[in-house]
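Enquirer: Based on what follows, work out the 3D shape:
(chains A, B, C and D)
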There are 2 protein chains.
Amino acid sequence: MKNSSMKMRPENTELREALSEAGLRYTAQREAVYDYLCSVYTHPTAEEVYHAVRQRIPRISLATVYKCLEALVACGKATKITSSSGPTRYDPRTDRHIHMHDVRTGEVRDLHVPPEFPIHEQLQAQLENLVRQSGFRITDVRIELMGYFDGPGHGSSSAS
Amino acid sequence: MKNSSMKMRPENTELREALSEAGLRYTAQREAVYDYLCSVYTHPTAEEVYHAVRQRIPRISLATVYKCLEALVACGKATKITSSSGPTRYDPRTDRHIHMHDVRTGEVRDLHVPPEFPIHEQLQAQLENLVRQSGFRITDVRIELMGYFDGPGHGSSSAS
DNA sequence: ATCGATGCAAAGCGTTTGCAGGGGT
DNA sequence: ACCCCTGCAAACGCTTTGCATCGAT
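Expert: Residues are numbered from 1 along each chain as shown, chains lettered A, B, ... in the order given. From the prediction side, this is the model:
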C-alpha cells in the first residue's frame, strides 16, 4: 500500500525454511502474500490480501490467496483471527499476544505488551488447576479485547 | 435431549421481559429455542438447536431458529461463540466467563470459576493502561482456552 | 386491528474444491 | 521428471432475505 520495496526480513529464508519443513513449496504467490501480511499492522482479510497482492502478481486468483494463507498457517507463519461478524483475518504473528477488536469497524490490532509482563503465562498458571478438574488440557490461551479505537484519526466524526 | 419437561427458570418471565424491553415479541419458537439453549451444557450450533427444538415445534424452520437466536442475542439473553473452524455456537450466559474449546471436536464448554476469583476484572485492570496508550476503550474482555478434553469418555485412545 | 414473527424457498457471502496446465524441487 | 501449486469456475456450508401468511399485543 505505502511503497513497493517492502522487505520485512533480511531475506525470506525463514519463510522458505518453514514451508520446506512442512513439506510445502516456496512460490512467488506465497512469498507475496506473506510479505504483504507482514507489511501491514492491520490484520487483513483474504479479500484485502488479494487486492493488495494483485499489484505484485496481477494474475493471482482469490482461491490461490486462500490456499497461500492456509499454507502459511500450516507451516506456522500465520494464524487466523475470527470474530462474531465479518470474514476471517490473518496475522503473521504466531506467538501469544492480545488483539484489540474494534466492534464498530471490525478492525483488529495487536496490543503491545512489555515482555516483562507475561500475561498469558500468568493467566494459564492461574487456570491450570481449574481446567484440570474439568478434564481439560490447555494448548493455547487467547485473550481478545472488544471495544473501539477513539484516538485522533480513528473515529467516524472528527469535527463537531 | 434428556427428558421432555425441561423448565430452566421458575418461569420464562425473565425472557418475556427481556424480549419486551427490546421491542420484541414473546413467541413459542423463541421460548423453545431459549429453553433448549439453557437445558444443555454444550453450546449448540443453530443446526443442533433446530433438530432439538423440532421435537417440541415440528414445523419450525431453520431460518426461524436463526432469527430466534438473533433475537435472543439482541435482547441480551444469549451470546455467540465463534471459532476458527465450524459454525457459530450459542451460549445462554451473557456474563463474562471462560470457554474451553476442544480443538479436535469443536465442542465448547464453560469453565467454572469461583466467584471470589474475578479473573476478567483483574485482567482488564492490568490492561487498561496499556490499551489507553493505543487509543482503545475496552468494552469486553474475552478469554478462550484451546485444548482438548481427555477425561474418561472423551479421548480417542485410553489404553497404551 | 396492527405490525411483527413465522415458514418456505431462494439468494447471499465467504470459503473450498476439481481439474488442466504451469512451475518448483 | 516428478508432483505440487496455480488459476479458473463451479460447488459448498452456513447464514440471511423476500414474501405471503400467521399470531402476539
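
Enquirer: elements contacting whatever helix or strand residue A:32 lives in?
Expert: For residue A:32, the element it lies in under DSSP states H and E is helix A:28-39. Applying 3 or more CB pairs under 8 Å, 6 or more residues apart in numbering or on different chains; DSSP states H and E, one finds that helix A:28-39 contacts helix A:13-21, helix A:46-53, helix A:62-74. Yep, even glycine has a C-beta here, placed from its N, CA and C like the rest.

Enquirer: and residue A:90, which of the ones you listed is closest to it?
Expert: Of all those, it is helix A:62-74 that lies closest to residue A:90, at 5.3 Å by CB to CB.

Enquirer: Wondering if the closest one reaches DNA strand C at all.
Expert: Yes: using CB under 7 Å from any atom of the strand, helix A:62-74 reaches DNA strand C at A:62-63, A:66-67, A:70.

Enquirer: do stretch A:12-21 as well
Expert: Yes: judged by CB under 7 Å from any atom of the strand, stretch A:12-21 comes into contact with DNA strand C at A:16, A:20.

Enquirer: Go through that stretch and flag the buried ones.
Expert: Within stretch A:12-21, the residues scored as buried using 16 or more other CB atoms under 10 Å in any protein chain shown are A:12, A:15, A:18-19.

Enquirer: tell me what the longest helix seen in chain A is packed against?
Expert: Using DSSP state H to assign secondary structure, the helix with the most residues in chain A is helix A:119-133. Here helix A:119-133 touches strand A:136-149, strand B:108-111, helix B:119-133, strand B:136-149, going by 3+ CB pairs under 8 Å, 6+ apart.

Enquirer: in that helix, what's buried?
Expert: A:119-120, A:123-124, A:127, A:130-131.

Enquirer: how far out from the middle of the chain is it?
Expert: In terms of CA atoms, centre = their mean, to the nearest Å, the centre of helix A:119-133 is set 24 Å apart from its chain centre.

Enquirer: before we move on, the earlier item: of all the helices and strands packed on helix A:28-39, which one is nearest chain B?
Expert: Closest approach to chain B among these is made by helix A:62-74 (9.0 Å; CB to the nearest CB).

Enquirer: touching DNA strand D at all, that closest one?
Expert: Yes: counting by CB under 7 Å from any atom of the strand, DNA strand D has neighbours in helix A:62-74: A:63-64, A:67-68, A:71.
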